[in-house]
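Undergrad: Would you be able to build a 3D model of this:
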Amino acid sequence: MRWRTIPWLPARPWLGAQRVHIRPSRAGLAFAALLLALWIAAVNYRLGLGYALTYFAAACAIADMLFTSRNLAGLALASTPGKPVFAGSHALFTLRLINRSSRPRHAIGLAASGASAAPGLADIAAHGETAISIGMPARQRGWLDAPAVCLSGSFPLGLFVAWCHWQPDARVLVYPQPEQDAPPLPWPAGTIQQERQPGWPDSPDGPLELAGVRAYQSGDPLQRLAWRQIARHDGEHLFSKQFQPGADAPAGASRGNIMLEHATLHALAPEARLSRLTAWVLQAERTGLPYGLRLGALTLTPALGASQRDACLRALALHDLPQDRTAP
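TA: All right, here's what the predicted structure looks like:
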C-alpha cells in the first residue's frame with residue numbers, strides 16, 4: 001500500500017511513536033541493492049571481510065531507521081489563529097513545532113498535504129520551537145480551516161523517510177471581496193460629504209475646514225494625525241486634527257452618520273450585495289464619519305474605528321452561512 005493512501009490520524013497535540021510511519025527512500029532502496037550485491041559477492045568468493053562489511057553496513061541502516069523515527073516522534077504541535085483576509089487573497093496559517101526533549105531535531109519538513117511544492121525544512125533546538133507559515137488561497141467568504149499538513153524527515157543518513165499527517169486546529173475568517181470601482185457611499189440628505197480629496201487632510205479643498213487639534217482618542221482615523229504637533233512633543237503625545245463645515249457648506253448641512261443597509265441593494269445578486277457593502281465599509285472608515293450596518297435582523301449602531309470596521313466585516317463574512325461555518 002502506498003504511503004499516500006494511509007488514513008489520516010486524528011489530531012493530537014504531540015507525535016507519539018505509534019503515529020510516525022516510516023518507509024525506505026530511493027537512496028535506501030539503492031543501498032539495499034548494494035548490500036545484496038555485497039552479500040552475494042562475499043558468499044561466492046568466501047570473503048570474510050566482505051561479510052563484515054555487509055553486516056556493518058546493514059547495522060548502520062537499521063540504526064538510521066531508528067534515529068529517523070526518533071527525529072520526528074515526540075514533537076509537540078500547535079497552531080496560531082491567522083489574521084482575517086479578503087476573498088481572492090491568500091490566508092496564512094502559522095504552525096508551531098515544539099521540541100520538549102533534550103536532543104535537537106534536524107531537517108523537519110512540513111508541507112500541506114497534496115501540495116506540489118517541496119516541503120520547507122526546519123531545525124528545532126533542544127527545548128526550543130520553530131514556526132512555519134503555510135499559505136492557502138481564500139476563494140470564498142466564511143471560515144477557512146487550516147489544511148492538513150504532512151511532517152516528514154529523513155535525517156540522519158537519508159535511507160528512510162519518516163512521516164505523519166496532522167490536521168491543525170486553526171481557522172481564518174475570510175471577508176467578502178470588496179467590489180472594484182464601487183459607487184459612492186449612500187450619503188444621507190444634508191450630510192457633508194467628507195470623501196478624501198487630493199491633499200486631504202493637510203489641505204482639504206472640500207466643504208470642511210481645519211478647526212484645530214486635540215489629543216488623540218482611540219478610533220480616530222490615522223489620516224488625521226497632526227504630525228507637526230506630534231513632532232513638537234518628540235512623539236510623546238499624539239494629536240488628531242479636527243474639521244468643521246466651511247463657510248461655503250450648504251445651509252443646514254451637518255456631519256451626520258452613514259447607515260449601510262443590505263435591503264436597499266435588492267437589485268444585485270446576494271454575493272454582489274455583500275461585496276458592495278464591504279467596499280462601502282472600507283470607504284466609510286476612510287471618511288471619518290460614524291457608520292452603521294443593517295444586515296437582515298442584525299443592526300450595528302453607527303460608530304467609528306477598527307473595532308467597528310471589524311464587526312461590520314465579520315457580519316458580512318458570516319451572513320446566511322450554515323451554522324457549522326459560522327461558529328468561531
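Undergrad: chain center to stretch 41-60, what's the gap?
TA: Between the centre of stretch 41-60 and the centre of its host chain there is 54 Å, according to C-alpha atoms, centre = their mean, to the nearest Å.
Undergrad: sorry, that was for stretch 75-95
TA: Put simply, stretch 75-95 sits 3 Å off its chain's centre (C-alpha atoms, centre = their mean).
Undergrad: Endpoints of it, how far apart?
TA: Between the opening and closing residues of stretch 75-95 we find a distance of 12 Å, counting by C-alpha to C-alpha, to the nearest Å.
Undergrad: Can you list the buried residues in it?
TA: Of the residues in stretch 75-95, those buried under the neighbour-count criterion (16 or more other C-beta atoms under 10 Å) are 75, 77-79, 82, 84-87, 91, 93-95. In this view, the C-beta of every residue, glycine as well, is placed from N, C-alpha and C.
Undergrad: swap in stretch 129-146?
TA: Judged by neighbour count (16+ other C-beta under 10 Å), stretch 129-146 contains these buried residues: 130, 132, 134, 136, 138, 141-144, 146.
Undergrad: Quickly name whichever of those is closest to P176.
TA: Ranked by distance to P176 (C-beta to C-beta), the buried residues of stretch 129-146 are led by R141 at 4.7 Å.
Undergrad: Neighbours of the nearest residue in space to P290 that is not next to it in sequence, how many?
TA: Using C-beta to C-beta, 6 or more residues apart in numbering and skipping residues adjacent in sequence, the residue nearest P290 is P302, 4.0 Å away. Applying the criterion other C-beta atoms under 10 Å, we find 16 residues in the vicinity of P302.
Undergrad: give me the element Q308 is part of.
TA: Following DSSP states H and E, one finds Q308 within helix 306-317.
Undergrad: Restrict that helix to CA atoms and write it as PDB.
TA: Included here for helix 306-317 are C-alpha records, laid out as PDB according to Å, rounded to 0.1, in the frame of the first residue of the first chain:
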ATOM      1  CA  ALA A 306     -11.100  49.500  13.900                       C
ATOM      2  CA  SER A 307     -13.500  47.600  16.100                       C
ATOM      3  CA  GLN A 308     -16.500  48.900  14.200                       C
ATOM      4  CA  ARG A 309     -14.900  48.000  10.900                       C
ATOM      5  CA  ASP A 310     -14.000  44.500  12.000                       C
ATOM      6  CA  ALA A 311     -17.500  44.000  13.400                       C
ATOM      7  CA  CYS A 312     -19.100  45.000  10.100                       C
ATOM      8  CA  LEU A 313     -16.800  42.900   8.000                       C
ATOM      9  CA  ARG A 314     -17.300  39.900  10.300                       C
ATOM     10  CA  ALA A 315     -21.100  40.200  10.000                       C
ATOM     11  CA  LEU A 316     -20.800  40.400   6.200                       C
ATOM     12  CA  ALA A 317     -18.500  37.400   6.100                       C
END
